[in-house]
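Enquirer: sequence unknown, structure follows:
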């Protein structure tokens with residue numbers, strides 16, 4: 001028991017805004033160009049979604065299916081990177097000139113400049129190790145948060161790679177008791193949830209356990225953002241215009 005320390009640069013930012021899917025309001029979501037656009041707009045960081053191809057390449061894509069963004073049947077893990085790399089990404093069903101991005105390339109180019117919230121869509125132990133090695137190679141570890149809703153995935157990272165910073169997604173109101181299932185050294189460094197899963201009691205629990213600055217909130221409109229600020233939340237994953 002007791003407070004677990006972490007090395008994240010997020011600790012030094014009093015009010016942080018991550019661009020949801022790297023500013024998908026302007027460009028196709030989850031693109032290298034979107035990351036650059038977010039940096040130009042002055043965001044503290046970007047939230048991007050990560051899948052693995054059949055040949056083990058980590059790419060930026062939200063859905064399991066390739067249909068919505070690439071117009072291709074099947075799931076990401078059924079295709080190799082070569083199958084996907086030349087397909088036009090779609091922006092609200094319209095094909096564009098942009099192509100799917102590799103995580104290693106994005107971190108290599110922008111890892112020094114932004115905070116990254118990696119929403120990992122795979123949960124195997126081998127994949128956890130691969131993600132960890134990639135982050136350690138291509139970006140300062142203090143600039144990256146590795147997020148998952150899978151408790152085994154998070155605990156595997158914390159056990160084998162304690163130097164990395166993790167986020168447990170889906171840490172909602174009413175779920176506070178799950179915190180005590182983690183031995184201190186295996187706990188996630190941060191927690192996150194939709195704004196609708198945050199209320200005054202949840203915030204009071206976070207304050208009591210010195211975790212308010214470790215909570216990230218997403219999925220809100222402008223009114224939801226104002227409500228979160230009033231409650232004392234200071235870490236946000238936002239869409240443009242919120």
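Expert: Done, it's in. Note that the coordinates shown come from a computational prediction; the quantities given were computed from them, not determined experimentally. Numbers count the residues shown, from 1 in each chain.
Enquirer: the strands in this structure, which residues?
Expert: Secondary structure of the chain (DSSP state E): strands located at 16-20, 45-52, 58-60, 90-91, 94-95, 115-120, 144-148, 165-169, 190-194, 215-218, 235-238.
Enquirer: The second one packs against which elements?
Expert: The criterion is 3 or more C-beta pairs under 8 Å, 6 or more residues apart in numbering; DSSP states H and E, and the helices and strands that strand 45-52 contacts are strand 16-20, helix 32-41, strand 58-60, helix 103-110, strand 115-120, helix 125-138. C-beta here means a position set from N, CA and C on the backbone, and glycine is covered the same way.
Enquirer: model confidence over that strand, on average?
Expert: The average of the pLDDT scores along strand 45-52 is 98.
Enquirer: That one to helix 125-138, inter-axis angle?
Expert: Here the directions of strand 45-52 and helix 125-138 differ by 130 degrees (axes from the mean of the first three to the mean of the last three C-alpha atoms, to 10 degrees).
Enquirer: ok, and what's touching strand 45-52?
Expert: Strand 45-52 is contacted by residues 10, 16-23, 29-30, 34-35, 38, 58-62, 64, 76-77, 103, 106, 114-122, 127, 130-131, 218, 237 when judged by C-beta atoms under 8 Å, 6 or more residues apart in numbering.
Enquirer: And for the third one?
Expert: Where contact means C-beta under 8 Å, 6+ apart, the residues beyond strand 58-60 that reach it are 22, 30-32, 48-53, 76, 81, 84, 100-104, 106, 130-131, 134.
Enquirer: Any chance of a ChimeraX selection covering the buried ones in those residues?
Expert: Buried residues within those, by 16 or more other C-beta atoms under 10 Å, are selected in ChimeraX with:
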select :22,30,31,32,48,49,50,51,52,53,76,81,84,100,101,102,103,104,106,131,134
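Enquirer: For stretch 231-238, measure first residue to last.
Expert: Here the two ends of stretch 231-238 are set 17 Å apart, with distance taken as C-alpha to C-alpha, to the nearest Å.
Enquirer: Next: stretch 142-154.
Expert: Stretch 142-154 end-to-end distance (C-alpha to C-alpha) = 17 Å.
Enquirer: Give the rounded mean pLDDT of that stretch.
Expert: Average pLDDT, stretch 142-154: 96.
Enquirer: what do you get for stretch 207-227?
Expert: The pLDDT scores in stretch 207-227 average 97.
Enquirer: OK, contacts around residue 230?
Expert: If a contact means C-beta under 8 Å, 6+ apart, then residue 230 has no contacts.
Enquirer: can you list contacts of stretch 91-103?
Expert: Applying C-beta under 8 Å, 6+ apart, the contact partners of stretch 91-103 are 27-28, 30-33, 35, 48, 50, 57-61, 69-71, 81, 84-90, 118, 134.
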